[in-house]
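> next input, structure requested:
(one chain, ligands or ions: 1)
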Amino acid sequence: MSGQQETIVVKVGGSEGINYELVCQDVAELVRAGTRLVLVHGGSAETNRVAEALGYPPQFITSTEGFQSRRTDRATLEIFEMVYCGKMNKMLVERLQALGVNAIGLSGLDGRLLEGPRKKAIRAVVGGKVVLIRDDLSGRVERVNVRLLELLLGAGYTPVICPPAISYESEAINTDGDRAAAAIAVALGAGALVLLSNVPGLLRAFPDESTLIRSISADAVEAYMSYAQGRMKVKLLGAAEAVRAGVPRVILADGRAEQPVCRALAGEGTVIA
Ligand code: ADP
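Coordinates of the predicted model:
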């Protein structure tokens, strides 16, 4: 890859407290300096708010392996798309454009950017019992349309990407943003994947921020799973998948701070390598 600028994938979460203006300013700085950057984003807190306002409160399911995800029936998927592909995606594109970055917003559906199998059934624990959910519109990313991303990056655009993905049967499927970002980083041969959230990284005693775990070796991630609760478990899993598949380092870092991406790249946060 001689002579080519490094590629960085940044995923900014959707939890309360993230400072999108600071994230965009930092992204703009890196793009101006010539970094090939792909921004992936979430929108969970806003989706919950809109769903409540529409009288369709969110529901979450916990798999038998202990991973939490959003129960996605058709109405939930449509609300999810309104917020992710609509409000959140266009908010980020608008901010980046105002900062001089030629951002282009795409969901995983567009150009079959993120493709994978829809889950046939989810074994979930409800009220202490295991139930089989068959109509959930969710799945995982197996393939990334790298040609489309290379086309855009090569022409000077900065892709701003969000779930849903597209199933092999061409249905929109809800998919985890951290794991989607990991798949993109692997597919692009990125030099780093930065996962920004509303915490400084993985905390040994959440929510005590003085207990930040500074580094984890990729083959020891399992040993740290017990510190993570709820959605942090999936984030760690995505990070470990990316490193094992060849991304040199993944950094879980603070999306509330000044220069969040540059600080993460400088090693502030939890570095998994
Ligand atoms: P985002 O949508 O911003 O990516 P998530 O909600 O998916 O963020 O994951 C981050 C959340 O994980 C934190 O806000 C925190 O509530 C939770 N969490 C659980 N366990 C931990 C831990 N050990 N260290 C840090 N955060 C944790």
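> so Lys119 sits against Ser138, correct?
Yes. In this structure Lys119 lies within contact range of Ser138 using C-beta atoms under 8 Å: 5.5 Å. (C-beta placed from N, C-alpha, C; glycine too.)
> low-confidence ranges in the stretch 1-150 of the chain?
Scanning the stretch 1-150 of the chain for pLDDT under 70 picks out 1-4.
> what sits against the residue in it positioned nearest to the ligand?
Per C-beta to the nearest ligand atom, Gly13 is where the stretch 1-150 of the chain lies closest to the ligand, at 1.8 Å. Counting by C-beta atoms under 8 Å, 6 or more residues apart in numbering, Gly13 touches 41-42, 44, 177, 195-198, 255.
> just Val146 next, same as before
187-188.
> now with 6 Å?
Ala187 (C-beta atoms under 6 Å, 6 or more residues apart in numbering).
> equivalent analysis for Glu142, please.
Shown in contact with Glu142 (C-beta under 6 Å, 6+ apart): Gly116.
> 8 Å instead, please
By C-beta under 8 Å, 6+ apart, the residues touching Glu142 are 115-117, 183.
> next one: it relative to Arg112, how far apart?
12 Å (C-beta to C-beta, to the nearest Å).
> so which strand or helix has Ala62?
For residue 62 the amino acid is Thr, not Ala. Secondary structure assigned from DSSP states H and E places Thr62 in strand 60-62.
> who does that strand pair up with?
Paired with strand 60-62 in the same sheet, following DSSP bridges, are strand 68-70 (antiparallel).
> distance from the partner strand to the middle of the chain?
Relative to the mean C-alpha coordinate of its chain, strand 68-70 is positioned 14 Å out (C-alpha atoms, centre = their mean, to the nearest Å).
> what do you get for stretch 36-52?
That offset, for stretch 36-52, works out to 9 Å (C-alpha atoms, centre = their mean).
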